[in-house]
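Participant: Take this sequence and fold it.
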Amino acid sequence: MTSDILIVNGRVFRGFAPGSPIPAGSDAGPAPDGAPTAVAVSGGRIAWLGSDREALAGWRGPSTELIDARGGLVVPGFDDAHIHVLSGGRGLDRVDLYPLGSVEAILERIAAYAAARPDAPWILGRGWLYAPFPGGLPTRELLDTVVPDRPAFLGCYDGHTAWANSLALALAKIDRSTPDPVNGHIERDPGTGEPTGALKEAAMELVRGIIPRPTADQDRASLLRALEALNGAGITALQDAWTTTDELPVWRSIRDEGRLSVRARLALPMQSDQTVEAWRSRLDEWAAAVADLEGDPWLTSGILKGVADGVIESRTAAMLEPYEGSDSAGEPEFAPEQLDAFVAEADRRGWQIEIHAIGDRGVRMTLDAFERAAGSGGGPTGQAAGPGVDGGPRRRHRVEHIETIAADDIARFGRLGVVASMQPYHGVPTPNQIDVWSANIGPDRASRAWVYGSLLRHGAVLALGSDWPVVPFDPFLALHVAVTRQADDGAPPGGWLPGERLPLPVALAAYGWGSAYAAHAEHRRGRIEVALDADLAVLDRDLLAEGTSSILGTRVTATLVGGRIVHRG
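Facilitator: Numbering: from 1, shown residues only. I've put the predicted structure just below:
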């Protein structure tokens, strides 16, 4: 028998459920004798695993494409469990301010970008950090110094605050008399009441709503550029965390042309600015909008995305106790009873639900809503109305981010069968990324920061992702933080909250099987086993043998999706 593609001279990391014992051959250290070094691919699936000698003798034919792994690690393709693909693709043409650490550097980059595009009607971009700005927020006057002649609108790296110049504010008719929208806040000068240029949460939409939307052709080009870049990082599947129905045709067109080079799952919005009755009608609309995607091996949905709170840096995340030096504990986007009702209705109809929850109150509210929905569904806690066809909890509801959590809520994830969907690079312990975050909540709550190790030990299923374009999509940046709890430069020595470190094989498994499980797809991907989809990444080194110091700088030499080579590098 011959194969379509034959990967040889590698070390095969077969993958496993991240909460289970690490299988022999997948643990850190040199590969044991007899471990597979070759993978045969036929008909889009994994056909065989074994030795190089057996591979070349029994699986190589005249039309077989040979990939020499050159001693590198062959892993299940990375499955980014939380990403914003189209906005990331659009951002490839906009000014990128992440992770610049000074006001001067930020302004210089904006000025250079604007000067290179004299005909652009708007200056758009994202990625600025809070820490460089006095008081944590930029002002319109600063932005006016480099873009005085056109409206400018620049999102913060976390996507929950934006920075507008005076022209953008004027076009949006935002002045001292403009009221704060529901779930939003216009920052104002305490003396004059005039808007400062910083807009939080729903207030961003006041400007965003007047920016010309990209055309379908522009979005198509942005999506294709994004997919090419993701494939280059070994990403073979993704779970887009906010897709509007007017974006669905772009995804469908690329799929229909055979150019969709990842397996994509798209979450539709669950927004708080509607009544329960309106939500029921919206669910009817959403079901009709994605009915044709059910069972599609490339493009699926069946999941809803809600936002329980904001972010800690801007003090909009919902906390159980007030922020340091403040009487405010942030306000959740949903009232608890509203969240309960929305979740219960969607759960009853069979939707999976993922909810952004960053503050400890946001996390608790979300777990409460999932638990109540499970109870009202008549099934055991964590399984809603019963087991799904793939043998696990039927809904597999998810909490996204979980930046800090009350100690009592950690074990609830495992007990309820709720997936912990986390992005380790959000918590990279650099001064610009962490100082404002930690100062806002104090040392006790900061001691439960990104506790993926604790969640895993208490029975949670852990799924990893990036949240690109909030931070880069590079899986090796996330893996490095998950394994070392250190910044790229090795600070702090010994790691930040080192008890939360993940063993490297477990982190790899969470980026494969764990994320596939979160998408109800672990029966098809997330491991390298015969008959599963041939969604694979070939790395330029054996990370398990070389150790954690080799993670940063790892390159992907080949990416396969459905047995098709979508990247060679």
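
Participant: where does this protein have low pLDDT?
Facilitator: 377-393 (pLDDT under 70).

Participant: repeat that for 80
Facilitator: 376-394, 432-433 (pLDDT under 80).

Participant: Give me the domain ranges for it.
Facilitator: Listed by automatic domain parsing, the domain ranges of the chain are 5-77+531-568, 81-85+215-518, 91-208.

Participant: Include mean neighbour count when you put the ones you listed into a markdown table, please.
Facilitator: All C-beta spots, glycine's among them, are computed from the backbone N, C-alpha and C. Formatted as a markdown table, the domains of the chain follow (neighbours: other CB atoms under 10 Å):
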| stretch | mean neighbour count |
| --- | --- |
| domain 5-77+531-568 | 19 |
| domain 81-85+215-518 | 21 |
| domain 91-208 | 18 |
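
Participant: Can you check which of these gets nearest to Arg524?
Facilitator: Among the domains of the chain, domain 5-77+531-568 comes nearest to Arg524, with 5.1 Å by CB to CB.

Participant: That closest one spans what distance, first to last residue?
Facilitator: End-to-end distance for domain 5-77+531-568: 13 Å, by CA to CA, to the nearest Å.

Participant: And for stretch 509-517?
Facilitator: Using CA to CA, the end-to-end distance of stretch 509-517 comes to 11 Å.

Participant: Not counting its own residues, what contacts it?
Facilitator: 15-18, 26, 75-81, 237, 239, 392, 396, 419, 452, 456, 461-465, 475, 478-479, 482, 502, 522, 524-527 (CB atoms under 8 Å, 6 or more residues apart in numbering).

Participant: Which of those fall within helices?
Facilitator: Among these, DSSP state H puts Tyr452, Leu456, Pro475, Ala478, Leu479, Ala482 in helices.

Participant: Can you pick out the most distant pair from these?
Facilitator: Leu456 and Pro475, at 18.0 Å, using CB to CB across these.

Participant: Narrow the contacts of stretch 509-517 to those in strands?
Facilitator: 75-76, 78-81, 237, 239, 419, 461-464 (DSSP state E).

Participant: how about these, which pair is most distant?
Facilitator: The widest separation within these (CB to CB) is 20.9 Å, between Val75 and Val419.

Participant: which residues touch the helix or strand containing Arg445?
Facilitator: Per DSSP states H and E: Arg445 is located in helix 431-446. Applying CB under 8 Å, 6+ apart, the contact partners of helix 431-446 are 99, 101, 129-132, 136, 312-313, 315, 319, 321, 323-324, 360, 403-404, 426-428, 449, 496.

Participant: let's see it at 6 Å
Facilitator: Gly101, Leu129, Tyr130, Ala131, Gly136, Ile312, Glu313, Arg315, Tyr323, Glu324, Thr404 (CB atoms under 6 Å, 6 or more residues apart in numbering).

Participant: okay, these in a markdown table with secondary structure and distance to Thr2 next?
Facilitator: Formatted as a markdown table, the contacts of helix 431-446 follow (DSSP: H, G, I helix; E, B strand; the rest coil; distance: CB to CB, whole Å):
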| residue | secondary structure | distance to Thr2 |
| --- | --- | --- |
| Gly101 | coil | 54 |
| Leu129 | coil | 53 |
| Tyr130 | coil | 57 |
| Ala131 | coil | 57 |
| Gly136 | helix | 61 |
| Ile312 | coil | 55 |
| Glu313 | coil | 55 |
| Arg315 | coil | 61 |
| Tyr323 | coil | 64 |
| Glu324 | coil | 65 |
| Thr404 | strand | 54 |
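
Participant: Distance check, the closest residue to Gly359 other than its chain neighbours against His356.
Facilitator: Closest residue in space to Gly359, ignoring its immediate chain neighbours: Ala317 at 3.3 Å, by CB to CB, 6 or more residues apart in numbering. For Ala317, the distance to His356 (CB to CB, to the nearest Å) stands at 10 Å.

Participant: same deal with Pro469?
Facilitator: Where His356 is concerned, Pro469 sits at a distance of 15 Å (CB to CB).

Participant: can you map out the helices along the stretch 51-200 of the chain?
Facilitator: 52-58, 85-91, 103-115, 140-146, 166-171 (DSSP state H, counting those that start in this stretch).

Participant: can you give me the helices in the stretch 201-350 of the chain?
Facilitator: 205-208, 216-232, 248-256, 276-290, 336-348.

Participant: what does the shortest one contact?
Facilitator: Right, helix 205-208. Counting by CB under 6 Å, 6+ apart, Phe153, Ala164, Ala168, Ala172, Ile174 sit against helix 205-208.
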